[in-house]
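Colleague: from the sequence below, what's the structure:
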Amino acid sequence: MGFSEISGANVIKGTMEKLTEHERQAYLIAEEHLKENFLQGFKKERGGRFKRVGEFVMPSFKLNKDKIEALPNEPSELVKKFSLMVDSKISAAQVAAGETFAGLNDEIAALEKGKSVEGDAQFSEVNSAGTSATQGQFYGMPPN
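Modeller: Here you go, the predicted structure:
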């Protein structure tokens, strides 16, 4: 005899008619809480019409002994720390990229004036043909 696994495809869901009176009352409490949160997203205009003022976000809550307990929607401390860490890494990468682009811009400006570029780059004076005669040009990854 084989065993079958429980999944969403083979679970028979309950219906309102099959719930006990106490379970139906719990459902009505949850439904009322949801309705109150939904209606908070509307305001009355001068003409008497109601208009949505924001998107509806399903509130997180739990029903405990016929009492609604709102659950916080704020991220956990771990998520906050992770977010700050990622933000700082992105910021550092943006600063490094900006410094690199500024250095390249300075080197391009120097080359356009026909000057030699000092430092890590190995460029020489531009000759009359508009090309540079570079000695010992390095291709590939620089050593660590």
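Colleague: can you mark which positions in the helix ranked longest in the chain are buried?
Modeller: The residue-count maximum for a helix in the chain (DSSP state H) belongs to helix 77-112. For helix 77-112, the buried set under the neighbour-count rule, 16 or more other C-beta atoms under 10 Å, comprises 107, 111. Any C-beta I mention is one placed from the backbone N, CA and C, and that applies to glycine too.
Colleague: do the same with stretch 29-43
Modeller: For stretch 29-43, it's none, nothing buried (16+ other C-beta under 10 Å).
Colleague: find the nearest non-adjacent residue to the residue nearest in space to the middle of the chain, please.
Modeller: Residue closest to the average C-alpha location in the chain (C-alpha atoms, centre = their mean): residue 83, at 9.1 Å. Spatial nearest neighbour of residue 83, excluding adjacent residues (C-beta to C-beta, 6 or more residues apart in numbering): residue 75 at 7.3 Å.
Colleague: quick check: that neighbour is in a helix.
Modeller: No: using DSSP: H, G, I helix; E, B strand; the rest coil, the secondary structure at residue 75 is coil, not a helix.
Colleague: what about it, how many residues nearby?
Modeller: 11 (other C-beta atoms under 10 Å).
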